[in-house]
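Student: Everything below, folded, please.
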Amino acid sequence: MQAWFASHPIVAYIVIFVLITYVYNKVFRVRQKLPLVKEIFLYLLMAMGTFMLLVFQIDKLPIIQCLLVAVGLMLLVRVRYFIEGRQKKKAEAAARNS
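Tutor: I've put the predicted structure just below:
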């Protein structure tokens, strides 16, 4: 997989940018929206940072794999919160009915 991404840098760049954007939006984004100019500036900075990570990826560091692990852990936490919320609602409903 590492060699394939090294031979296809455009695909690797897009994958890294999408993963970084997902991590930013799920972890670091504040509740209120930023003004449009600041939002564009932020994504331009992320695009430049993605280029730096692409250089590391091509130089045989597992950047994409690490980002995939981070996204997988984030999804695991979201599933856990979802299950805990359902259990809490069931417990509240059982307490009201008895």
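
Student: Which residue is the nearest non-sequential neighbour of residue 43?
Tutor: Using CB to CB, 6 or more residues apart in numbering and skipping the chain neighbours, the partner closest in space to residue 43 is residue 21 (7.6 Å). (Glycine included, C-beta is placed from N, CA and C.)

Student: isn't the one you found right next to residue 46, touching?
Tutor: Yes: assessed by CB atoms under 8 Å, residue 21 is found in contact with residue 46 at 6.6 Å.

Student: returning to what we had before: using the three-state scheme, assign the residue nearest to residue 43.
Tutor: Look at residue 21: counting by DSSP: H, G, I helix; E, B strand; the rest coil, its state is helix.

Student: hmm, which helix or strand of the protein has the shakiest average pLDDT?
Tutor: Scoring the helices and strands of the chain by mean pLDDT, DSSP states H and E places helix 2-7 at the bottom, with a mean of 88.

Student: Against which helices or strands is that helix packed?
Tutor: Packed against helix 2-7 by the contact rule (3 or more CB pairs under 8 Å, 6 or more residues apart in numbering; DSSP states H and E) you find helix 9-23, helix 36-58.

Student: now the following helix or strand past the last one and helix 9-23, what's the angle there?
Tutor: Helices and strands here follow DSSP states H and E; after helix 36-58, the next one along the chain is helix 63-97. Put simply, helix 63-97 runs at 30 degrees to helix 9-23, going by axes from the mean of the first three to the mean of the last three CA atoms, to 10 degrees.
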